[in-house]
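Enquirer: A structural model of the following input is requested.
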Amino acid sequence: MSPAVLMLAPPASARPPMRSPIAFRCEATAHGLGGTREVLLATYRGRSPRLAARWLRAQAVHLARRLSLDPGAVFLRDAPLITTWPDVPRPDAELRAWAESDQAYEHALRTLAAGGAFMFAVTDYDARYALRVYPLPTRRQAPPQAPVPARC
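Expert: The predicted structure is shown next:
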């Protein structure tokens, strides 16, 4: 390339707006309060903000069910269960309340649609449970190329 040739990019208004495609990494984690160990409970890769927000809502309900087992369940029949005071942490109730709130869902959806990360965390005496979603840039697929014409 000769030094006399100057390459300039077209003005910003002449370029079509390029929006990079985004995927969303969704995680449910449990983190012990006494140490540095974090356990990955579930993952999902959402292709849109709406799919990621739906996963968040469904996972909040799923996690709440796991944190508040039915005391009459067969596998708990011989377990030494005790009644707790009403002021103990209830992460299951917080998760259910968040999952049932349309305002919370819309807030998560707007945050993700704007390209931001979202996290909802609840804590009990032993652990912090977190539902996290953050955007991931995805590789843009190459446009299909026209076949090379055959030369006869």
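
Enquirer: can we go C-alpha only for contacts and neighbour counts from here?
Expert: Fine.

Enquirer: for this structure, which segments count as helices?
Expert: For the chain, the helices defined by DSSP state H occupy 49-67, 91-100, 102-113.

Enquirer: can I get those in TSV with mean pLDDT?
Expert: Output for those, formatted as TSV (pLDDT from 0 to 100):
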stretch	mean pLDDT
helix 49-67	95
helix 91-100	93
helix 102-113	94
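
Enquirer: ok, which of those comes nearest residue 43?
Expert: Closest approach to residue 43 among the helices of the chain is made by helix 49-67 (9.5 Å; CA to CA).

Enquirer: buried ones in that closest one?
Expert: Within helix 49-67, the residues scored as buried using 16 or more other CA atoms under 10 Å are 49-57, 59-61, 63-64.

Enquirer: over to stretch 120-130?
Expert: Across stretch 120-130, burial judged by 16+ other CA under 10 Å covers 120, 122, 123, 127, 128, 129, 130.

Enquirer: ok, now which ones touch the fourth one?
Expert: The neighbours of residue 127, taking CA atoms under 8 Å, 6 or more residues apart in numbering as the test, are 30, 31, 32, 33.

Enquirer: now, these that are in strands?
Expert: Counting by DSSP state E, the contacts of residue 127 place 30, 31, 32 in strands.

Enquirer: from these, which shows the smallest pLDDT?
Expert: Lowest pLDDT of the ones in strands among the contacts of residue 127: residue 32, 90.

Enquirer: and that residue, how many neighbours does it have?
Expert: Neighbours of residue 32 under the rule other CA atoms under 10 Å: 17.

Enquirer: do I have it right that it meets residue 124?
Expert: No. In terms of CA atoms under 8 Å, residue 32 does not count as a neighbour of residue 124; the distance is 10.0 Å.

Enquirer: can you tell me how far the closest residue to residue 52 other than its chain neighbours sits from residue 135?
Expert: Sequence neighbours aside, residue 46 is the residue nearest to residue 52 in space, at 4.9 Å (criterion: CA to CA, 6 or more residues apart in numbering). As judged by CA to CA, to the nearest Å, residue 46 and residue 135 stand 9 Å apart.
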